[in-house]
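# Quick one: sequence plus predicted model below, questions after.
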Amino acid sequence: MMMYQEPVKNEVREKSLKKAVNLLTENRHKATIADRGYLRRVWNEININGSNEDKRLNRLLHEDTIFRWEKFYDSIALNKKPENLRVAYLCGPDPTNDLNVMIDLGILSENVWAFEANSSSYDSATKELLTSKYPFVKLIKSDFKSFIEFSNLRFDIIYLDFCGPIYNRSGEAKNIETLAAVAKYQALNSPGVLLTNFALMSQESDPEGFKIISKLTAGYLYPKEFQDDVDSPTYINDSLTCLGIDVPGFFELVSNDLPKYYSQFVTRLISDIFTSIIPADRIMNNPKMRNIFFADLMYKNKPRHILRKSIESLFYFTQNGGGGDIFVDPGEYSFIWTLFHYLGHSSQQELNNRLFQKHANKFVKQLSPFSKDSNDFFEKMAAFYYLKNENRSLQIFYSKSLKRISSNWRPFGKHVFCDVFLFHQLKDLLIRQITIPYQLNVAKSSRWQYKAKETEMFQDLFLFDECRYVYDWMPTIDMLTENLENPGIQLSYRYILDAVSKHTRWYNNEFFSGCAVISDGVKGFNSKKFKPRETIA
C-alpha cells in the first residue's frame, strides 16, 4: 500500500486526473480532433494562400455548408462540467487515494464506479468507503472487463492503474484483454480520457520476463514507419529500415535500453488497439457488415482463392530481405508484419524460439476479442490490410456498391491541394464510419514515468475522440454517389479529414495517409507529435 502513497505517485495521480478533468470540461473545445472552427480555418487558409486552382475549387464550398457543419458539430460536442463526468477506476484496497483527488476536482462521488476483483482487497475497500465521506461510490466486486461485457455504461474517464507489466505472462491479469474490451464495447465516451499505468520489471528481478517484453517490444516497434527519438531535434525519426537497422540489431538496442523503447511500445500499442486493431477485427468478423464493402470473400467462389494467393504474395521472402510488400514496405503493413514475426513465420532467430512464440501467441490472442484464435486473427488482418489498399485489381473483391463508386471515382480530375485524395482514403472513411473507431488526439495526450520503490512505472493519458462529426457528416455507401457530385459537400469532407490526418501522420499512417489539404509546414496545420514522456522524480 505504501507505493500508492509515495510522493511521486501522488504527483502523477494529481497531474493526470487534473488534466483529464480539464480536457473534458474547461478545455473541451480543444479535445476533439477537429474543433468547431477547423472547416472555416481551412477554407480561409486556401482562400488567402492557395494556388489559383485551389482557390477556384475553394469557392465551391459555400458559407451555408460551413454553417451547417458547425451546427452539426455543436449537436455532438456538448459541454460538460466536472459534476457531469462519470468515472471508472481500479480502486485496490485503498480506494480513497484516487477518490480524494477526483472529488477535489469537482467530480461527484455518485458518478464514480470503483472495481476490485480480489476478495480481501474488496473487503478492505468496502470498509474504507463505508467509513469515509463517500458512501455513494459504486463499488463493484468484479474485474473491469467482466463488468463492461455485462453493462452498457459509458464513462468519461477510465483509470486503469494495472501496476503490473502490459503483458503478464502468468495469465492471471490479462491487461491487454481489458483494453481491447474497452474499445470493443465502446465503454469510453467521446471525447473521453483513458488513463493507464504499467510497470516494467528489471532484468535482475525477472530475467525471463525482461527478455519476453524486450522481444514483444522490438517486434512491435520495428516495422513502424516513424519512431520516437528523444535525441532527435524533431522528436521523430525515420523507420528503422531507412536507418539501416535490422531486426537483430534492433533487438540488441531494445535489450540494452528497454525503458526507452517500452515507453513507446505502451503508447503505440494502446493507440493502435483503439484506432485500428479493434475496428478492423470488428468488421472482418461480421460477414453482414463486411459484405457491405467486400463480396463473400471468406467463403465460397473464385474470388476467395484469388484473394488467398494475393495475400500470400505479400509474404514472399528472399534471403536478402526483399520479397513481398510486407518486407519491402513494412510501414504500410506494420501490424501484420508484427503478427507474422510473433507467430513464428519469420526466420529471425531473435523472434523465433518456442518460449517466445508461446507468449507471443497469448499476446496476439488477447488483442482480438472477435477472432477464434491467433492464426484466425492473423489471416483476417492480412486480408483487411490487403483489401484496404489502392489497387484497381481489387475490384474483383468489392461489393456492387463499392464497385460502383470505384468505377466512377474522379477526385476533381487533377492534383489539387497538398495531397491527391485517392480511392483507398474514401474506402477508409466508409469502413470506419460503421466500425466506430476511436481516434487519438496526439497533441493533448500526455505521458509520465516514475519509480515506485525500485519499479519503473509508465503512466499514459490518452484523449480519444470517435470523430462522429466526420463520419456522421458523410452519407452511407449507397447514399454517397449523389453527394459526391456536389463539390462543396465533397470539399467539406476533405477539409475536416485534414484534421484527422494531422494526428495520424507520424503514428498511424496506415489509415488516412495522404489526406492533407493544408501542408504540414503551415503554422496552425502542423502534424501532431507526442510530447516527450515527463519523468517525475
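Nice, thanks for sending it over. Since this is a predicted model, take the numbers as computed values, not measurements.
# In three-state terms, how would Ala180 be classified?
At Ala180 the chain is in helix, as set by DSSP: H, G, I helix; E, B strand; the rest coil.
# ok, the residue lying closest to it once chain neighbours are set aside - contacts?
Beyond its immediate neighbours in the sequence, the residue positioned closest to Ala180 (Cβ to Cβ, 6 or more residues apart in numbering) is Pro369, lying 5.1 Å away. Placement of C-beta: from N, CA and C, glycine included. In this structure, Pro369 makes contact with 177, 180-181, 184, 278, 281, judged by Cβ atoms under 8 Å, 6 or more residues apart in numbering.
# Mind jotting down where the strands sit in this structure?
Here the chain has its strands, by DSSP state E, at 87-90, 112-115, 138-140, 155-161, 188-200, 227-228, 236-237, 439-440, 446-452, 455-465, 534-536.
# Can you list the neighbours in contact with the fourth one?
Pointing back at strand 155-161 there. When contacts are taken as Cβ under 8 Å, 6+ apart, the neighbours of strand 155-161 outside the stretch itself are 17, 20-21, 24, 80, 84-90, 92, 98, 113, 144, 175, 178-179, 182, 187-189, 192-197.
# Kindly recompute the last result at 7 Å.
Under the criterion Cβ atoms under 7 Å, 6 or more residues apart in numbering, residues 20, 24, 85-90, 98, 144, 178, 182, 187-189, 192-197 lie in contact with strand 155-161.
# and if you look at the fifth one?
Applying Cβ under 7 Å, 6+ apart, the external contacts of strand 188-200 come out as 16, 20, 23-24, 31-32, 154-166, 182, 258-259, 262, 266, 270, 455-466.
# Out of the residues you listed, which end up buried?
With neighbours counted using 16 or more other Cβ atoms under 10 Å, the contacts of strand 188-200 contain these buried positions: 16, 20, 23-24, 31-32, 154-166, 182, 258, 262, 266, 270, 455-466.
# The chain - how does it break down into domains?
Using automatic domain parsing, the domain parsing of the chain gives 1-200+417-479, 205-398.
# can you redo these as JSON lines with distance to Ser406?
Putting the domains of the chain into JSON lines (distance: least, Cβ to Cβ, whole Å) gives the following:
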{"stretch": "domain 1-200+417-479", "distance to Ser406": "6"}
{"stretch": "domain 205-398", "distance to Ser406": "6"}
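# Could you tell me the least trusted of the ones you listed?
Of all the domains of the chain, the segment with the smallest mean pLDDT is domain 205-398, scoring a mean of 85.
# ok, so what distance separates Tyr38 from Arg494?
As judged by Cβ to Cβ, to the nearest Å, Tyr38 and Arg494 stand 12 Å apart.
# Distance check, the residue lying farthest from the centre of the chain against Leu160.
Summary for the chain: using Cα atoms, centre = their mean, the residue whose C-alpha lies farthest from the chain's mean C-alpha position is Thr131, with a distance of 40.0 Å. With the distance defined as Cβ to Cβ, Thr131 ends up 26 Å from Leu160.
# And Leu130, by the same measure?
The span separating Leu130 from Leu160 equals 25 Å under the rule Cβ to Cβ.
# Same check on Asp229?
Using Cβ to Cβ, one obtains 28 Å as the distance from Asp229 to Leu160.
# what number of residues lie near the closest residue to Glu83 other than its chain neighbours?
Beyond its immediate neighbours in the sequence, the residue positioned closest to Glu83 (Cβ to Cβ, 6+ apart) is Leu108, lying 5.1 Å away. Around Leu108 there are 17 other residues, counting by other Cβ atoms under 10 Å.
# Also Arg56?
For Arg56, using other Cβ under 10 Å, the count is 11.
# swap in Ile148?
Residue crowding around Ile148 was assessed by other Cβ under 10 Å; the count is 24.
# Count residues in the vicinity of the residue lying closest to it once chain neighbours are set aside, would you?
The spatially closest residue to Ile148, leaving aside those adjacent along the chain, is Ala187, at 4.4 Å (Cβ to Cβ, 6+ apart). Applying other Cβ under 10 Å, we find 22 other residues in the vicinity of Ala187.
# again, but for Thr476
Counted with other Cβ under 10 Å, Thr476 comes out at 13.
# next one: Lys400
Using other Cβ under 10 Å as the criterion, Lys400 is surrounded by 8 other residues.
# From the chain's centroid, how far away is stretch 129-145?
Its chain's C-alpha centre and that of stretch 129-145 lie 30 Å apart, by Cα atoms, centre = their mean, to the nearest Å.
# Quick one: residues in contact with it.
Outside stretch 129-145, the residues that reach it (Cβ under 7 Å, 6+ apart) are 88, 90, 95-96, 99, 103, 109-110, 112-117, 122, 125-126, 147, 160, 177-178, 181.
# Which of the residues in it are classified as buried?
Of the residues in stretch 129-145, those scored as buried under the neighbour-count criterion (16+ other Cβ under 10 Å) are 129, 134, 137, 139-140, 142-145.
# export those residues to a markdown table and tack on distance to Ser75?
Listed next are these as a markdown table, based on distance: Cβ to Cβ, whole Å:
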| residue | distance to Ser75 |
| --- | --- |
| Leu129 | 38 |
| Tyr134 | 34 |
| Val137 | 32 |
| Leu139 | 35 |
| Ile140 | 33 |
| Ser142 | 35 |
| Asp143 | 36 |
| Phe144 | 31 |
| Lys145 | 32 |
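# farthest pair in those residues?
By the measure Cβ to Cβ, these have their two most distant members at Tyr134 and Lys145, which lie 24.4 Å apart.
# which residue sits closest to Ala77, ignoring its sequence neighbours?
For Ala77, the closest residue by Cβ to Cβ, 6+ apart turns out to be Thr32, at 5.6 Å.
# Then Asn291?
Skipping the residues right next to it in sequence, Asn291 comes nearest to Ser399 by Cβ to Cβ, 6+ apart, at 6.2 Å.
# Can you tell me how far the one you found is from Val137?
The gap separating Ser399 from Val137 is 49 Å, by Cβ to Cβ.
# neighbours around the residue nearest to Asn291, how many?
18.
# Which pLDDT value belongs to it?
Here, the pLDDT recorded for Ser399 equals 92.
# I'd like the numbering to begin with 44 instead of 1 from here.
From this message on, residue numbering opens at 44, which makes the last subject Ser442.
# Quick check: it touching Arg333?
No - Ser442 lies out of contact with Arg333 (Cβ atoms under 7 Å); the separation is 9.1 Å.
# is the closest residue to Cys206 other than its chain neighbours in a bridge, and if so with what?
Once flanking residues are discounted, Cys206 sits nearest to Ala242: 5.9 Å by Cβ to Cβ, 6+ apart. Listed by DSSP bridges, the beta-bridge partners for Ala242 are Met500.
# residues making contact with stretch 531-540?
Here stretch 531-540 makes contact (Cβ under 7 Å, 6+ apart) with 77, 81-82, 85-86, 100, 103-105, 108, 112, 464, 513, 516-517, 526-527, 555, 558, 560.
# Would you mind measuring from the residue farthest from the centre of the chain to Asp300?
In this structure, Thr174 lies at 46 Å from Asp300, with Cβ to Cβ as the measure.
# what do you get for Ala77?
For Ala77, the distance to Asp300 - Cβ to Cβ - is 37 Å.
# any idea where the helices of the stretch 144-293 of the chain begin and end?
Listed from the start of the chain, the stretch 144-293 of the chain has helices (DSSP state H, counting those that start in this stretch) covering 162-173, 187-193, 218-227, 250-264, 290-299.
# and the third one with strand 231-243, angle?
Yep, that's helix 218-227 we're talking about. Counting by axes from the mean of the first three to the mean of the last three Cα atoms, to 10 degrees, helix 218-227 lies at 170 degrees to strand 231-243.
# Check the first one too.
In this structure, helix 162-173 runs at an angle of 120 degrees to strand 231-243, with the same axes, to 10 degrees as the basis.
# Good, wrapping up.
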